[in-house]
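In: Structure, please.
(one chain, ligands or ions: 2)
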Amino acid sequence: MSPSSSKPGPMDPSSPIQFLSGVGPARATKLTKLGIFTVLDLLWHCPRSYMDRSKLTALADLEEDTKVTAIVQVEKVRSRRAQRGQTIVEVDLIDDRGGRGGAIWFNQAYLARSLVAGRRVLLHGKVARYRGSRLQFQAPEFELLDKVDPAQGELERGRATPAQRYPGRSGPATPPRPLHGGRVVPLYSLTAGITQKQIRVWVQTALEKCGDALVDVIPEAVRTRYGYPALRPCFERIHFPRSIPDAEEARVRLAFEEYLLLQLALGWLKYERAQNSVAPALPGTGELDTKLREDLPFALTQGQEGVLEDIRSDMALERPMSRLLQGDVGSGKTIVAALAAATALENDAQVAFMAPTEILALQQGESFSRWFAPLGRRVEVLIGRTGAADRRRILSGLATGSIDVVVGTHALQESKVGFRKLGLVVVDEQHRFGVMQRARLAEKGKAPHCLVMSATPIPRTLSLTLHGDLDLSLLMEKPPGRIPPKSYLVPPKKREGLLQFVADLARGGERAFFVYPLVEESEQTDLKDATSMKEQLSAHPAFVGVTIGLLHGRMKGEEKEEAIRRFREGETPCLVSTTVVEVGVDIPQATVMVVEHPERFGLSQLHQLRGRVGRGGGESHFFMMAPSNLAEETKARLDVMTKEDSGFAVAEADLRLRGPGSLLGTAQHGIPTLRVADLVSQEDVLLQAREVAGKILSADPRLDQSVNEGLRTAVLARHEESFSFLKIG
Ligand code: ADP
Ligand code: MG
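Out: Ligands and ions are numbered 1, 2, ... in the order given. Prediction:
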């Protein structure tokens with residue numbers, strides 16, 4: 001039931017997809033799995049790749065064991081039953097040049113009803129001899145060519161006979177171009193119950209029905225400047241390109257549009273935040289800064305000083321800071337945050353520091369107490385398991401202002417936590433939080449200055465995409481004297497030797513982590529798990545006299561703390577752990593890490609893990625213990641770790657190999673879905689879009705002007721969630 005079928009004029013591209021002829025409600029439901037709700041969504045469902053089937057082969061030129069495409073006419077159809085109840089459909093073919101050939105299908109009896117004598121069809125498939133017979137197409141894909149009918153799918157399944165549909169129908173004078181061959185053919189991501197052929201047919205129908213109604217949101221001046229085609233030819237070229245380079249050009253134009261809308265959204269959000277909020281200006285006095293530095297056993301690196309300067313000049317203004325401090329693991333971000341906190345405290349403002357795990361919150365809380373308590377400032381830690389009485393005391397201290405710094409986990413975001421004067425919010429390991437959480441804590445005060453820190457050194461494209469609304473400071477340099485851990489991929493036959501080596505180091509006073517992907521033995525997999533490996537290693541002859549500790553996420557908070565303390569102090573010089581040690585844990589004495597099943601981790605995650613060792617200045621080792629059946633591809637991926645020390649290089653490789661989702665982990669909810677744009681290969685397009693967005697917004701920051709109406713509508717539609725969250729009208 002298409003509302004537009006009887007009406008003249010083009011179909012509205014925002015119509016629900018079910019109304020596109022040939023789709024209907026049942027298939028529309030399936031298409032939602034592909035993110036396709038409207039006809040326009042279908043057009044944005046761009047091919048993931050192409051097959052070049054533009055070369056047609058004449059029947060006279062068929063060769064054994066080749067895969068070819070041909071346009072032929074059906075001469076005769078035979079259907080018969082073979083042994084074991086198989087149905088065989090055999091067809092005699094003829095082509096325009098008088099060549100002859102055949103095709104054979106097994107167990108598709110209904111084909112006999114579509115492939116009647118006289119029909120023109122396009123065939124694509126392998127040519128071979130079946131049981132020594134003539135050369136023929138073996139179960140080829142086919143497309144009926146002598147009619148245009150979106151219900152073709154039905155015909156192929158035999159619900160209508162060609163006699164009902166085919167003869168006497170006034171088709172177009174010239175046969176239509178074939179869709180599934182004789183050209184570059186698109187291949188789409190699919191979902192159960194939807195075929196490539198269906199999508200191709202629907203896309204073609206959508207272009208016919210809606211083509212004239214497609215609105216180009218990219219301003220014409222911009223399109224002209226960069227030589228981008230209009231939207232309709234763009235869709236035509238990406239779905240049905242004349243050649244593969246032709247499609248790539250169209251893809252760039254569509255990617256540009258996606259990036260443009262995203263950058264406009266981010267810029268607009270940033271503007272709204274700046275407009276709607278005034279922060280306390282915190283110029284600082286330098287007094288606490290000086291005192292704190294006197295107590296430090298080291299001097300700040302130039303990189304740290306530079307970043308701190310960025311932060312301080314932001315904090316001195318009434319415009320709330322939104323800054324991302326990105327620095328590789330171990331680059332020393334914590335002390336930078338502490339000195340920024342000192343500036344806030346000098347102006348009698350409070351500081352909230354949020355960490356993603358309890359372990360980390362406790363560790364950072366300890367550091368902050370060590371730094372600030374001697375200066376007469378009160379630091380408290382608030383986490384999920386803080387007892388009721390303590391919680392009450394802390395909440396009241398924050399409300400009255402007697403507590404200066406609170407360090408905590410998500411617990412800080414609870415609505416009951418109120419401050420007297422919150423001046424600075426620091427979010428550590430920001431990639432572990434969603435974008436939403438980052439914003440929620442910032443709502444606490446009137447508008448505190450906000451510093452988010454991340455050790456996942458994400459490539460620039462991703463950073464601009466995820467954090468385009470933040471100012472960026474990079475900490476590239478590590479504290480002096482650091483030697484990067486030596487990294488190895490260890491084959492199974494060297495396992496025993498490795499265990500001996502680690503045990504000897506442990507006996508010599510060093511600390512070693514063993515990291516496993518699972519907490520407990522699981523019946524589904526034969527992966528090694530932390531709990532049973534602790535037992536196994538403890539019983540291993542190499543570890544005689546070495547006590548081994550255990551740490552995993554299911555332990556109670558106090559137990560975790562105790563396990564870390566015992567490790568730090570050397571009571572258990574080996575610690576078997578899950579990835580709870582991944583973020584932030586700072587134990588300078590740790591010099592060895594052994595990761596089992598490294599193939600289960602992303603590269604950036606391995607880099608984070610590796611960042612737990614080599615913090616003390618001496619030599620350190622990172623061993624990835626490979627299982628015996630490691631695939632070549634996986635080995636190549638893990639080899640990146642043995643070659644690259646820099647988190648940026650590792651992240652680039654990870655992004656290339658596994659895409660942005662896995663790079664950031666499941667905790668990252670902030671990745672905008674990009675349908676066409678490719679963060680790996682299209683950095684130049686992104687930068688172009690960013691520049692254009694900047695120009696548009698500097699003249700019209702809220703896209704209010706009538707020339708920008710189309711853009712405004714598109715931005716709001718595409719990034720609805722971000723805007724509803726900030727309650728922008
Ligand atoms: P990350 O950036 O991963 O959060 P941390 O802040 O935990 O790193 O710092 C890692 C280690 O480096 C800590 O033990 C810290 O005391 C030390 N550190 C930080 N800055 C310097 C510096 N300028 N010189 C020497 N050591 C430093
Ligand atoms: Mg850190």
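In: quick check: domain ranges of this protein?
Out: Here the chain is described, according to automatic domain parsing, as comprising the domains 1-51+188-209, 59-182, 287-316+332-454, 486-644.
In: now for the longest helix seen in the chain, which elements pack on it?
Out: Residue-count comparison of every helix in the chain, with assignments taken from DSSP state H, identifies helix 244-276 as the longest. Taking 3 or more Cβ pairs under 8 Å, 6 or more residues apart in numbering; DSSP states H and E as contact, the helices and strands that helix 244-276 lies on are strand 49-52, strand 184-187, helix 231-239, helix 460-467, helix 683-699, helix 709-718, helix 720-725. From N, CA and C alone the C-beta is placed, and that goes for glycine too.
In: In terms of mean pLDDT, which of the ones you listed ranks lowest?
Out: Among the helices and strands packed on helix 244-276, helix 720-725 has the lowest mean pLDDT, at a mean of 62.
In: of all of the stretch 151-300 of the chain, which residue lies closest to ligand 1?
Out: For the stretch 151-300 of the chain, the residue closest to ligand 1 is residue 298, as judged by Cβ to the nearest ligand atom, at 3.5 Å.
In: Could you count how many residues lie near the closest residue to ligand 1 within the stretch 351-500 of the chain?
Out: Distance from ligand 1 to each residue of the stretch 351-500 of the chain (Cβ to the nearest ligand atom) is smallest for residue 479, at 3.3 Å. Summarising burial for residue 479: neighbours were counted as other Cβ atoms under 10 Å, giving 17.
In: Return the backbone torsion pair for it.
Out: phi -50, psi 150 (degrees, to the nearest 10).
In: Residue 298 is in contact with that one, correct?
Out: Yes - applying Cβ atoms under 8 Å, one finds residue 479 in contact with residue 298, separated by 6.8 Å.
In: Please identify which helix or strand holds residue 451.
Out: If you go by DSSP states H and E, residue 451 is part of strand 449-454.
In: got any ranges where the chain has weak pLDDT?
Out: Within the chain, the stretches falling below the threshold (pLDDT under 70) are 1-8, 147-176, 415, 431-446, 457-458, 522-527, 584, 659-673, 721-729.
In: Which residues of it lie near ligand 1?
Out: In this structure, the chain approaches ligand 1 at residues 298, 300-301, 304, 327, 329-335, 455, 479, 586, 588, 615, judged by Cβ under 6 Å from any ligand atom.
In: Parallel or antiparallel, which strands does the longest strand anywhere in the chain pair with?
Out: Secondary structure assigned by DSSP state E gives strand 66-81 as the longest strand of the chain. Strands flanking strand 66-81 in the sheet, each with its direction: strand 87-94 (antiparallel), strand 120-129 (antiparallel) (DSSP bridges).
In: Name the residues of the longest one that are buried.
Out: Using 16 or more other Cβ atoms under 10 Å as the test for burial, strand 120-129 gives 120, 121, 122, 123, 124, 125, 127.
In: and which of the residues you listed is nearest ligand 1?
Out: The shortest distance between ligand 1 and any of the buried residues of strand 120-129, using Cβ to the nearest ligand atom, involves residue 124 and amounts to 55.0 Å.
In: Which residues are in contact with that closest one?
Out: Under the criterion of Cβ atoms under 8 Å, 6 or more residues apart in numbering, the contact partners of residue 124 comprise 53, 67, 68, 69, 70, 140, 141, 142, 180, 181.
In: Identify the residue nearest the second one in space, chain neighbours excluded?
Out: Of all residues beyond its chain neighbours, the one nearest residue 67 is residue 126 (5.1 Å), with distances taken as Cβ to Cβ, 6 or more residues apart in numbering.
In: show me where the stretch 1-150 of the chain has helices.
Out: For the stretch 1-150 of the chain, applying DSSP state H, counting those that start in this stretch gives helices covering 24-32, 39-44, 111-114.
In: got it, and the stretch 551-700 of the chain?
Out: With DSSP H, counting those that start in this stretch as the criterion, the stretch 551-700 of the chain has helices at 557-568, 603-610, 632-643, 647-664, 683-699.
In: So which of those helices is the most surrounded?
Out: The densest packing among the helices of the stretch 551-700 of the chain, expressed as mean neighbour count by mean count of other Cβ atoms under 10 Å, is seen in helix 603-610 with a mean of 25.
In: And it, what does it pack against?
Out: In terms of contacts (3+ Cβ pairs under 8 Å, 6+ apart), helix 603-610 is packed against strand 590-596, strand 621-625, helix 632-643, helix 647-664.
In: which residues are in contact with that helix?
Out: Contacts with helix 603-610, where a contact means Cβ under 8 Å, 6+ apart, come from 329, 455-456, 485, 487, 513, 515, 579, 581-583, 593, 595, 598, 601, 622, 624, 637-638, 640-641, 647, 650-651, 653-654, 657-658, 663-665.
In: try 6 Å this time
Out: For helix 603-610, the surrounding residues in contact (Cβ atoms under 6 Å, 6 or more residues apart in numbering) are 456, 485, 515, 582, 622, 640-641, 647, 650-651, 653-654, 663.
In: for stretch 228-248, same thing?
Out: Defining contact as Cβ under 6 Å, 6+ apart, one finds that stretch 228-248 is touched by 43, 46, 50, 184, 186, 203, 211, 214, 216, 250, 251, 253.
In: Nothing else from me, thank you.
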